[in-house]
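Colleague: pasting the structure only:
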């Protein structure tokens, strides 16, 4: 009986310990929720201030009596767009199934709005870049949060002291006022954002400088499930680097000395082919003409390739949606009549740098 009493007493002690731990966790969740609520209220107030500033003239007078330097419209627009992006992610810290990791990413995404908005009325030559860097940190948090919510592989932070600590160095940060444009100088690796998660995108990378400068571009899959360098190529030497990037690629690594600009090109941003389209070297076009007959001709050879629009539900698993399919290929001077694909998508004229070509649409 004494042994039974001892066992019962031990169980009661353990139960009380678990109850105390549960109370502690509940208090932590309540405190975190209160912090997020307070931060959201602060962000709302700052966003209202941003809207008020947007309506003001380019210069505003500070209380101290000096004139603040003007902030470009792009910075205010970028902050407003990020706030809308944040609002479009349905998330409640108290919902069933929400983890502490999700709450942490959501808190970082909300906090980014406050940090960016706090720079609106500050002076300094790097004010815009500080705003872009803060927004960029928030976007990275949103990308990871969305992956968690959609049960996709979660992109990992880089193994750097700055990123692991959440520190943002605006002087070296590659984010810009455009969500899908990044700029930098020298070596860098960054999280690749997409208009629609889980879908392939068309990526462009160009060196900023003389044509003889070369960059190495590496597509990296860096998630909680896999680390792999999936593709490597060069940009420069007169070539415009435009490649399809599959949904498994999470990061882009760029190495080389020159400055550079990378951007995701959405299909509707591409020009459409006219009745007669001419060019030299490589070019991409939006294809909505349907199964039109065309005459393509060129010098020094090359190919015409096609990528259909992705209609996959969820994560894209179709190889054809990320890999251009050759419609025709020639090794020298050529002329050919052919029919374009019926599906909508993107056309890539992939010719040698000095190759002059033309595509004529019959019965345009």
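Modeller: Looks like it came in fine. Source: prediction; values computed, not measured. Numbering: from 1, shown residues only.

Colleague: From now on I want contacts and neighbour counts done on CA atoms only, so please keep to that.
Modeller: OK.

Colleague: where exactly do the helices run in the stretch 51-200 of the chain?
Modeller: Counting by DSSP state H, counting those that start in this stretch, the stretch 51-200 of the chain has helices at residues 73-87, 100-117, 127-149, 161-165.

Colleague: Nearest approach to residue 263 belongs to which of those helices?
Modeller: Among the helices of the stretch 51-200 of the chain, helix 127-149 comes nearest to residue 263, with 14.3 Å by Cα to Cα.

Colleague: which other residues reach the closest one?
Modeller: 71-72, 75, 78-79, 82, 86, 89, 102, 105-106, 108-113, 115-117, 119-120, 153-156, 166, 168-171, 173-177, 191, 193 (Cα atoms under 8 Å, 6 or more residues apart in numbering).

Colleague: And that helix, what's buried?
Modeller: Neighbour counts using 16 or more other Cα atoms under 10 Å place 127-148 of helix 127-149 among the buried residues.

Colleague: domain parsing for the protein?
Modeller: Domain segmentation of the chain under automatic domain parsing yields 2-165, 181-265, 268-361.

Colleague: how about CSV for those domains, with mean pLDDT added?
Modeller: What follows is these, written out as CSV (pLDDT from 0 to 100):
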stretch, mean pLDDT
domain 2-165, 76
domain 181-265, 90
domain 268-361, 94
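
Colleague: mind checking how far stretch 337-344 is from the chain centre?
Modeller: From the chain centre to the centre of stretch 337-344 is a distance of 31 Å (Cα atoms, centre = their mean, to the nearest Å).

Colleague: neighbouring contacts of it?
Modeller: For stretch 337-344, the external contacting residues (Cα under 8 Å, 6+ apart) are 287, 288, 289, 290, 291, 292, 293, 294, 295, 296, 308, 309.

Colleague: Now do the end-to-end distance for it.
Modeller: 20 Å (Cα to Cα, to the nearest Å).

Colleague: List the buried residues in that stretch.
Modeller: 340, 341, 344.

Colleague: what about the strands in the stretch 101-250 of the chain?
Modeller: Secondary structure of the stretch 101-250 of the chain (DSSP state E, counting those that start in this stretch): strands at 181-185, 188-191, 201-208, 214-222, 227-236, 241-245.

Colleague: Minimum distance to residue 335: which of those strands has it?
Modeller: The nearest among the strands of the stretch 101-250 of the chain, by Cα to Cα, is strand 241-245 at 25.1 Å.

Colleague: List the neighbouring strands of that closest one plus their orientation.
Modeller: In the sheet, strand 241-245 lines up against strand 201-208 (antiparallel) (DSSP bridges).

Colleague: Would you pull up how far the partner strand lies from the middle of the chain?
Modeller: Relative to the centre of its chain, strand 201-208 is centred 13 Å away, using Cα atoms, centre = their mean.

Colleague: ok, back up a step: got the buried residues of stretch 337-344 as CSV, with distance to residue 236 and secondary structure columns?
Modeller: Listed next are the buried residues of stretch 337-344 as CSV, based on distance: Cα to Cα, whole Å; DSSP: H, G, I helix; E, B strand; the rest coil:
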residue, distance to residue 236, secondary structure
340, 30, coil
341, 31, coil
344, 30, coil
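
Colleague: ok, so of these, who is nearest residue 279?
Modeller: When those are compared against residue 279 (criterion: Cα to Cα), the nearest one is residue 340, at 18.4 Å.

Colleague: Of the helices of the stretch 51-200 of the chain, which is nearest residue 236?
Modeller: Nearest of these to residue 236, taken as Cα to Cα: helix 127-149 at 26.2 Å.

Colleague: could you give the angle of the closest one to helix 73-87?
Modeller: 20 degrees (axes from the mean of the first three to the mean of the last three Cα atoms, to 10 degrees).

Colleague: Show me which of the buried residues of stretch 337-344 is closest to residue 255.
Modeller: residue 344 (34.6 Å).

Colleague: Assess the claim that residue 306 and residue 348 are in contact.
Modeller: Yes. At 6.1 Å, residue 306 counts as touching residue 348 under the criterion of Cα atoms under 8 Å.

Colleague: Identify the contacts common to these two.
Modeller: Common contacts of residue 306 and residue 348 (Cα under 8 Å, 6+ apart): residue 324.

Colleague: Which of the two has more residues huddled nearby?
Modeller: Under the criterion of other Cα atoms under 10 Å, the comparison of residue 306 against residue 348 puts residue 306 first, with 26 against 21.

Colleague: So which residue is dead centre in the chain?
Modeller: For the chain, the residue nearest the mean C-alpha position is residue 193 (1.3 Å; Cα atoms, centre = their mean).

Colleague: what sits against it?
Modeller: 143, 179, 180.

Colleague: Recalculate using a threshold of 10 Å.
Modeller: By Cα atoms under 10 Å, 6 or more residues apart in numbering, residue 193 lies in contact with 136, 139-140, 142-143, 179-181, 201, 250-251, 263-264.

Colleague: which among the residues you listed gets closest to residue 244?
Modeller: For the contacts of residue 193, the residue nearest residue 244 by Cα to Cα is residue 201; the value is 5.6 Å.

Colleague: gap between the closest one and residue 265?
Modeller: From residue 201 across to residue 265, the span is 7 Å (Cα to Cα).

Colleague: before we move on, what about residue 356?
Modeller: For residue 356 relative to residue 265 (Cα to Cα), the value is 24 Å.
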